[in-house]
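>>> This is a predicted model, with the sequence first.
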Amino acid sequence: MTVAEQTLANAIRALAMDAVQAANSGHPGMPMGMADVATVLFRDYLKFDASAPDWADRDRFVLSAGHGSMLIYALLHLTGYEQPTIDDIRNFRQLHSVCAGHPENFELPGVECTTGPLGQGFAMAVGMAMAERHLNGVYGDDLVDHRTWVIAGDGCLMEGINHEAVGLAGTLGLGRLNVLWDNNNITIDGDVSLSSVEDIPARYRASGWHIVECDGHDFADIRRALGEAAADPRPSLVSCRTIIGKGSPNKQGTHNVHGAPLGADEITAARAVLGWDHAPFEIPADIRAEWEKAGARGASVRAEWEARLGASPRKGEFEAQMAGKIDAATPTKAFIDGLIANPQKVATRKASEMALGPLTETIPAMVGGSADLTGSNNTKTKATTPFTKDDYAGRYVYYGIREFGMAAAMNGMALHGGVVPYGGTFLVFSDYCRNAIRMSALQRQRVIYVLTHDSIGLGEDGPTHQPIEHIMSMRMIPNLEVFRPADVVETAECWQLALENAETPSVLALTRQNLPQLRLEATDNLSAKGGYRLRAATADRKVVLVATGSEVEIAVATAEKLEAAGIGADVVSMPSMSRFLAQDAAYRADILPADALIASVEAGVTFGWERITGTDGLRFGIDHFGASAPIDALYDAFGLTAEKIAPQIIAALK
């Protein structure tokens, strides 16, 4: 006997309300409200195989409304994924449980991305859809032909990033992207009308989207709407009119069911309304069996795909690209060999463009872009043609003035697999996309941020555009590597290291102004240590000057003045502070000896440099906003010249 769809959906509702109640924490309203829509999606439309969660051509499902995490945990459990087990669900929101408060991609197969910060799941899904179309453009329908499905709430659609993501998806014509809007008219504070009168469907239509509506509790109507969305060549927004907390007789339809347990009495009443007379966390065998059929439905489709892959002459190439296997060392070494033979004085943003040339030629997975600053960020190469709705095989994305949307989309591309994304903007505008950069780090994704105009060295544009606190604030984000190279050689080395950081995102902070090539001999990748001795003292060493980026040149000039005064001074270039601090104690003690005065030089806040200089060292930097003036005048005014630094060091040694 076939189990009724309503009963299958009620299994989701029961698990959601039981888990939230057991944890005494969580959000039962969204899973209960969207259970009917999710049941139709997973049983009839989503292409997946629960036994092979890493199948490359599976549909991607993103729960953008990540607070409703029990929806995806229930779906993964019911459809037969190895995890979460019913015990995992019992331990919802507990320490070390794979069922975290918000879904985390590194905890559970089947969770495509970490969500919770509203709007970012939606924007990452745009990136996933971009990656799918790109790989389809490269490998064809036989190997890449899947969709991206999203469940998003009112909050996801209200966040500013949603406007950026919607505009990008519409411009690119991402017809394989379908967003199911949990249109329940409720936010935490109450009715949506308290804070918004926006005509959301009209906004989406204006951005080139297809709109369809359905009753989110009528299975036939849901099926009709999802079918229309799948058939339309445009990205689709499916407005699912739902009741938040559906099944809770006294709380459904109100904001009270959004983010708190229902309570024992209300759960008892809900069980009666739903006709669910089973004990907490109990799923009857017939219901479980019917759900597991949905989880196995894609097995034959996967087998057919595997046969096509096995017969493809590009099998090895495809598998290597999806696995993220790249060789950055070979093209980097050849490039640096050329620099040793022919030194270059260029801005590190230009050095980055030069290094990217051979990298993008030899690493087809690299997909670049810029938030409307291509000519300033120098992120486009000859090998990266535009990625457009007319040519998805292109490898350069014109993101427009959408820094946050760009960063989140790059996260989605990386999460999809087969793409190593990099994108540019000014360092000062990293604040616009900071939370997405944090999500890159949290999700352990290889995303590379090319952040140029990295200091007061950008000159006349003034304090609105001059980063001061930004580099150090980026260094504070766990699992984010911040590189600030000093010349063209270090820039190439840092690109290599960033590309080799398979589970760590990277920032390349790059200059507007030209810098001399300080490295003139062939060596191993010295930046790999994070910091290294660029110049050794000739006189008896008393001082170690530690600098990054454009200030390494200043440190070298300062050392020359100190040496002329009989004071031995090492110069240490430190393109990656975190990498240096990760070296063993012996290496760090050799580079920063205890018997020397340590002085740091960086055109940014001095906060944080105590970890390098110690409290007795000197820290030269800028602890206030910049000013509008030519670069030389600014560096002189703020005391960042050899002429002003050397006397202070001499005084400190007396």
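Great, that's in hand.
>>> part of a helix, is residue 267?
Yes. Assessed with DSSP: H, G, I helix; E, B strand; the rest coil, residue 267 lies in a helix.
>>> isn't it right next to residue 17, touching?
Yes. With contacts counted by CB atoms under 8 Å, residue 267 reaches residue 17, the gap being 5.4 Å. Every C-beta, even on glycine, is put in place using the N, C-alpha and C of the backbone.
>>> what about the two, which has more around it?
Between residue 267 and residue 17, counted using other CB atoms under 10 Å, the more crowded position is residue 17 (30 against 21).
>>> was I right about that one contacting residue 30?
No. At 11.9 Å, residue 17 and residue 30 do not qualify as touching, with contact defined as CB under 8 Å.
>>> what is in contact with these two at once?
By CB atoms under 8 Å, 6 or more residues apart in numbering, residue 17 and residue 30 have no common neighbours.
>>> How about residues contacting stretch 628-647?
Under CB under 8 Å, 6+ apart, the answer for stretch 628-647 is 456-463, 513, 551, 554, 557-558, 560-562, 565, 599, 601, 603, 620-622, 626-627.
>>> just how off-centre is it within its chain?
37 Å (CA atoms, centre = their mean, to the nearest Å).
>>> next one: stretch 171-185
20 Å.
>>> Do me a favour and get the end-to-end distance for that stretch?
Using CA to CA, to the nearest Å, the span of stretch 171-185 from its first residue to its last is 28 Å.
>>> buried stuff in it?
171-185 (16 or more other CB atoms under 10 Å).
>>> give me every residue that touches residue 510.
347-349, 351-352, 450-454, 485, 491.
>>> got the phi/psi numbers for it?
phi -130, psi 150 (degrees, to the nearest 10).
>>> how about the strands in the stretch 501-650 of the chain?
If DSSP state E, counting those that start in this stretch is used as the criterion, the strands of the stretch 501-650 of the chain fall at 506-509, 514-515, 532-535, 541-547, 568-573, 597-601, 618-620.
>>> Highest neighbour count among the contacts of residue 510?
residue 491 (33 neighbours).
>>> Where does pLDDT dip in the stretch 301-450 of the chain?
Within the stretch 301-450 of the chain, no stretch has pLDDT under 70.
>>> Buried deepest among the strands of the stretch 501-650 of the chain, which one?
Ranked by mean neighbour count, these are led by strand 506-509 with a mean of 28 (mean count of other CB atoms under 10 Å).
>>> Quick check: can you name the pairing partners of that strand and their directions?
Sheet pairing of strand 506-509 (DSSP bridges) gives strand 448-452 (parallel), strand 481-483 (parallel).
>>> Figure out which of those strands is closest to residue 202.
With CB to CB, the closest approach to residue 202 among the strands paired with strand 506-509 belongs to strand 448-452: 34.0 Å.
>>> which other residues reach the closest one?
349, 352, 370, 373, 376-379, 407, 420-427, 430, 433, 437, 470, 498-499, 505-512.
>>> After it, which helix or strand is next? Please name it.
Downstream of strand 448-452, the next assigned helix or strand under DSSP states H and E is helix 470-475.
>>> counting contacts, what elements does that next one pack onto?
If you count contacts as 3 or more CB pairs under 8 Å, 6 or more residues apart in numbering; DSSP states H and E, helix 470-475 packs onto strand 481-483, strand 506-509.
>>> For residue 425, which residues are in contact?
Residues near residue 425 by CB under 8 Å, 6+ apart: 370-371, 373, 377, 403, 406, 432-433, 449-452.
>>> Could you tell me how many residues sit around residue 299?
15.
>>> re earlier: show me which of the contacts of stretch 628-647 are buried.
The neighbour count (16+ other CB under 10 Å) marks 456-459, 513, 551, 554, 557-558, 561-562, 599, 601, 603, 620-622, 626 as buried among those.
>>> What segments of the stretch 251-400 of the chain are strands?
In the stretch 251-400 of the chain, the strands defined using DSSP E, counting those that start in this stretch lie at 346-347, 366-370, 396-398.
>>> would a markdown table of those strands with distance to residue 271 be doable?
Below are the strands of the stretch 251-400 of the chain laid out as a markdown table (distance: least, CB to CB, whole Å):
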| stretch | distance to residue 271 |
| --- | --- |
| strand 346-347 | 67 |
| strand 366-370 | 50 |
| strand 396-398 | 50 |
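>>> between those strands, which gets nearest to residue 238?
Taking CB to CB, strand 396-398 is the member of those nearest to residue 238, at 25.9 Å.
>>> quick one: residue 22 from residue 280, how far?
Distance of residue 22 to residue 280, computed by CB to CB, to the nearest Å: 7 Å.
>>> Need the residues touching each of these two.
Shared contacts of residue 22 and residue 280 (CB under 8 Å, 6+ apart): none.
>>> Look at the two and report which has more neighbours.
Higher neighbour count among residue 22 and residue 280: residue 22, with 18 against 14, using other CB under 10 Å.
>>> so that one makes contact with residue 92?
Yes. Look at residue 22 against residue 92 with CB under 8 Å: they come within range, at 6.6 Å.
>>> For the stretch 1-150 of the chain, which segments count as strands?
Secondary structure of the stretch 1-150 of the chain (DSSP E, counting those that start in this stretch): strands at 60-63, 148-153.
>>> can you tell me the helix or strand for residue 406?
Here residue 406 is assigned to helix 403-416, by DSSP H and E.
>>> which other helices and strands contact that helix?
helix 120-139, helix 160-172, strand 366-370, strand 420-426, helix 434-442.
>>> Give me the angle between it and helix 160-172.
Counting by axes from the mean of the first three to the mean of the last three CA atoms, to 10 degrees, helix 403-416 lies at 70 degrees to helix 160-172.
>>> Off-centre distance for helix 403-416?
Centroid displacement of helix 403-416 relative to its chain, using CA atoms, centre = their mean, is 5 Å.
>>> ditto for stretch 81-99
That offset, for stretch 81-99, works out to 25 Å (CA atoms, centre = their mean).
>>> Kindly report the same for stretch 427-438.
Mean C-alpha position of stretch 427-438 versus that of the full chain (CA atoms, centre = their mean) differs by 11 Å.
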